[in-house]
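Novice: requesting a structural model of the entry that follows:
(chains A, B, C and D)
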There are 2 protein chains.
Amino acid sequence: MPTYEHPRPSVTVDVVVFGYDGGHDLKLLLIQRGSDPYQGQWALPGGFVEMDEDLEAGALRELEEETGVKDLFVEQLYTFGKPGRDPRGRVISVAHYALVNLSKHPAAAASDASEVAWFSLDKLPELAFDHAEIIKLATTRLRAKVRYQPIGFELLPEEFTLGELQALYETILGVPEFNKRNFRTRILRTGILEEVGRQQNVAHRPAILYRFNEATYQQLVEQRDSGVLRRALDFEI
Amino acid sequence: MPTYEHPRPSVTVDVVVFGYDGGHDLKLLLIQRGSDPYQGQWALPGGFVEMDEDLEAGALRELEEETGVKDLFVEQLYTFGKPGRDPRGRVISVAHYALVNLSKHPAAAASDASEVAWFSLDKLPELAFDHAEIIKLATTRLRAKVRYQPIGFELLPEEFTLGELQALYETILGVPEFNKRNFRTRILRTGILEEVGRQQNVAHRPAILYRFNEATYQQLVEQRDSGVLRRALDFEI
DNA sequence: ACAAAAGTGTTGAGGGTACACCCATGC
DNA sequence: GCATGGGTGTACCCTCAACACTTTTGT
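Specialist: So this is what the prediction gives:
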């Protein structure tokens, strides 16, 4: 690793923002490009990373600048760096994904970009750069991760029913419907949900409202990491 | 995303190379830095990415230049970009991890760097930069991934016994020993192993030799991805 | 009374776990 | 024959998966 000057690629941070509003599909937040390469086409929010900011911070900053959305769960996804993926030259993109509950965050549009909109994940427009590929990877990762980490709760309101939680899982995983009885048993057995009340004014038996209990979850994680392992290995096939 | 010039960070690719020789520990390939920051200290193989090469290709190139090791399984791990992680300025590192069977690849040392060596994973020297953190993440990822993807075979010779495979899993996961009967049943049930012969000249009943059947594994993956899912969700706690 | 969604009891099949045992080879 | 590691039979128990059923609200 010599110390003389090297040619330097540009580095951007992009964010795949998944939104959920209780419906039957996931939404994706896109911006319409206002300038130069791919002008007028839809793209992921993102931009060049500043010299003194962390990657995740840069992703959140660009997201807020371009879409007004802030304060959400974000995590690094993958770094895309194939030469030629950006016509402007060598641009390496550190892609992130984020989860947001649409009822909590406005579909805002105060923006650097010319336009901002939520698209249904199964009806995306044509996308700039290799952003279609990035979205595909993010979707795969979300589907995989939601099965073994309680990240889905980021997409729900603070308080929710088991029916809503199940609908969310079915939406993310793209499965028509799985058994209600077994879903409830499994979720409640984990102990990570906490009862916080009952529904009001619904035209059916009011459901129990739950909240995700972060503290309990962390305790369980620690127990698992310190104790003996349960299932020795599993190729999940 | 404006088109005017931005200040650009440097981008490096680093590789966490895990090696296995059938013993009771995993090895890690490190180089001793020959120059400037952290001179004389041990570090991960890696270096600045070229302007016209893919990230993974850059990782493999640097690895071969610095250690002589080539032709191995490599995958992107995470991108480390906290400001201040490198005293030379803003350096973003796209970290990779790689797996290699030590009997197949020489512990070579023809090198750009002053020295190259394999260290036991539990007896690492002090490391340059934030490389200790990178190694920690790579280890966590390896332990997690080996449970649901057949990447462990990269660490074994072409043909191996179930005893050797079990020893490898115990080594990676750091578990004293799990039940032989159940390990065998589970592994063989997946159908991804293929019998290829028997051991010769061993002072005990000769074991059946197996080979990992990539084609069968791919078929199973496709079946899973197209068919209905089995376990709906599982927080693994 | 009825619709709608919440919530429960139960049962058969299959996998996880554990323990005990037999088998083939070199020395 | 004995040490060594390879390989198998089986039994208990818990979880998964599926189905049928009861409960509570608003209209």
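Novice: buried stuff in the lengthiest helix in chain A?
Specialist: Taking DSSP state H as the criterion, chain A has its longest helix at helix A:131-145. By neighbour count with 16 or more other C-beta atoms under 10 Å in any protein chain shown, helix A:131-145 contains the buried residues A:H131, A:I134, A:I135, A:A138, A:T139, A:L142. C-betas here are computed from N, CA, C, even on glycine.
Novice: tell me if I'm right that A:I31 and A:F119 touch.
Specialist: No - using C-beta atoms under 8 Å, A:I31 makes no contact with A:F119, being 11.0 Å away.
Novice: check whether the longest helix of chain A contacts chain B.
Specialist: No - using C-beta under 8 Å from any C-beta of the partner chain, helix A:131-145 never reaches chain B; the gap is at least 9.2 Å.
Novice: where along chain A do the helices fall?
Specialist: Going by DSSP H, chain A shows helices at A:55-67, A:131-145, A:162-173, A:180-190, A:214-226.
Novice: tell me what the third one is packed against?
Specialist: Meaning helix A:162-173. Applying 3 or more C-beta pairs under 8 Å, 6 or more residues apart in numbering or on different chains; DSSP states H and E, we find helix A:162-173 packed against helix A:131-145, helix A:180-190, strand A:208-212.
Novice: looking at the ones you listed, which is nearest to B:Q41?
Specialist: Of all the helices and strands packed on helix A:162-173, helix A:131-145 sits nearest to B:Q41, with 34.7 Å by C-beta to C-beta.
Novice: pull up the distance across stretch A:81-90, start to finish.
Specialist: 8 Å (C-alpha to C-alpha, to the nearest Å).
Novice: report whether that stretch contacts chain B.
Specialist: Yes - using C-beta under 8 Å from any C-beta, stretch A:81-90 reaches chain B at A:G81, A:K82, A:P83, A:R88, A:R90.
Novice: which of those residues scores worst on pLDDT?
Specialist: Of all those, A:R88 has the smallest pLDDT value, namely 92.
Novice: break chain A into its domains for me.
Specialist: A:10-145, A:160-226 (automatic domain parsing).
Novice: what is the burial count for A:L29?
Specialist: 25 (other C-beta atoms under 10 Å in any protein chain shown).
Novice: quick check: bridge partners of it?
Specialist: For A:L29, the beta-bridge partners are A:W118 (DSSP bridges).
Novice: OK, contacts around it?
Specialist: By C-beta atoms under 8 Å, 6 or more residues apart in numbering or on different chains, A:L29 lies in contact with A:V17, A:G19, A:P45, A:T67, A:V69, A:V100, A:V116, A:A117, A:W118.
Novice: from A:D54, how far out is it?
Specialist: Distance from A:L29 to A:D54, counting by C-beta to C-beta, to the nearest Å: 21 Å.
Novice: can I get the buried residues of helix A:131-145 in JSON lines with distance to A:K123 and pLDDT?
Specialist: What follows is the buried residues of helix A:131-145, written out as JSON lines (distance: C-beta to C-beta, whole Å; pLDDT from 0 to 100):
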{"residue": "A:H131", "distance to A:K123": "15", "pLDDT": "98"}
{"residue": "A:I134", "distance to A:K123": "18", "pLDDT": "98"}
{"residue": "A:I135", "distance to A:K123": "13", "pLDDT": "98"}
{"residue": "A:A138", "distance to A:K123": "17", "pLDDT": "98"}
{"residue": "A:T139", "distance to A:K123": "14", "pLDDT": "97"}
{"residue": "A:L142", "distance to A:K123": "18", "pLDDT": "95"}
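Novice: what's the pLDDT at the residue in chain A that DNA strand D sits nearest to?
Specialist: The nearest approach of chain A to DNA strand D comes at A:R205, 2.7 Å away (C-beta to the nearest atom of the strand). On pLDDT, A:R205 comes in at 95.
Novice: also A:S114?
Specialist: In this prediction A:S114 is given a pLDDT of 68.
Novice: again with A:V100
Specialist: So, for A:V100, pLDDT stands at 95.
Novice: hang on, it packs against A:V17?
Specialist: Yes - contact criterion C-beta under 8 Å: A:V100 and A:V17 qualify, at 6.2 Å.
Novice: which residues of chain A lie near DNA strand D?
Specialist: By C-beta under 7 Å from any atom of the strand, the part of chain A that sits against DNA strand D consists of A:178-182, A:185-186, A:189, A:201-206.
Novice: also near DNA strand C: which of the residues you listed, exactly?
Specialist: A:K180, A:R181, A:A203, A:H204, A:R205, A:P206.
Novice: quick one: least confident of the residues of chain A next to DNA strand D?
Specialist: Ranking those by pLDDT, A:F178 lands last with 79.
Novice: what's the pLDDT at the residue lying closest to A:Q41 once chain neighbours are set aside?
Specialist: Spatial nearest neighbour of A:Q41, chain neighbours left out: A:A128 (4.5 Å); criterion: C-beta to C-beta, 6 or more residues apart in numbering or on different chains. On pLDDT, A:A128 comes in at 94.
Novice: pull the number of nearby residues for A:A128.
Specialist: 21.
Novice: quickly check: the worst-scoring helix or strand of chain A on mean pLDDT near chain B or not.
Specialist: In chain A, the helix or strand scored least confidently by mean pLDDT, DSSP states H and E is helix A:214-226, which has a mean of 81. Yes - Helix A:214-226 lies within reach of chain B by C-beta under 8 Å from any C-beta, at A:L220, A:V221, A:Q223, A:R224.
Novice: check which residues of that helix are buried.
Specialist: A:Y217, A:L220.
Novice: how much space between the closest residue to A:G191 other than its chain neighbours and DNA strand C?
Specialist: Once flanking residues are discounted, A:G191 sits nearest to A:T216: 5.9 Å by C-beta to C-beta, 6+ apart. Separation of A:T216 from DNA strand C (C-beta to the nearest atom of the strand, to the nearest Å): 19 Å.
Novice: so who does A:T216 touch?
Specialist: Counting by C-beta under 8 Å, 6+ apart, A:T216 makes contact with A:G191, A:I192, A:E194.
Novice: neighbours around the closest residue to A:A117 other than its chain neighbours, how many?
Specialist: Distances taken as C-beta to C-beta, 6+ apart place A:L30 nearest to A:A117, at 6.2 Å, with adjacent residues excluded. Around A:L30 there are 26 other residues, counting by other C-beta under 10 Å.
Novice: I figured A:L30 hits A:L44, correct?
Specialist: Yes - with contact defined as C-beta under 8 Å, A:L30 counts as touching A:L44 (6.7 Å).
Novice: okay, and the common contacts of those two?
Specialist: Shared contacts of A:L30 and A:L44, counting by C-beta under 8 Å, 6+ apart, come down to A:L127.
Novice: now the nearest residue in space to A:H105 that is not next to it in sequence, what are its backbone angles?
Specialist: Spatial nearest neighbour of A:H105, excluding adjacent residues (C-beta to C-beta, 6+ apart): A:V69 at 5.4 Å. Here is the backbone geometry of A:V69 (degrees, to the nearest 10): phi -80, psi 130.
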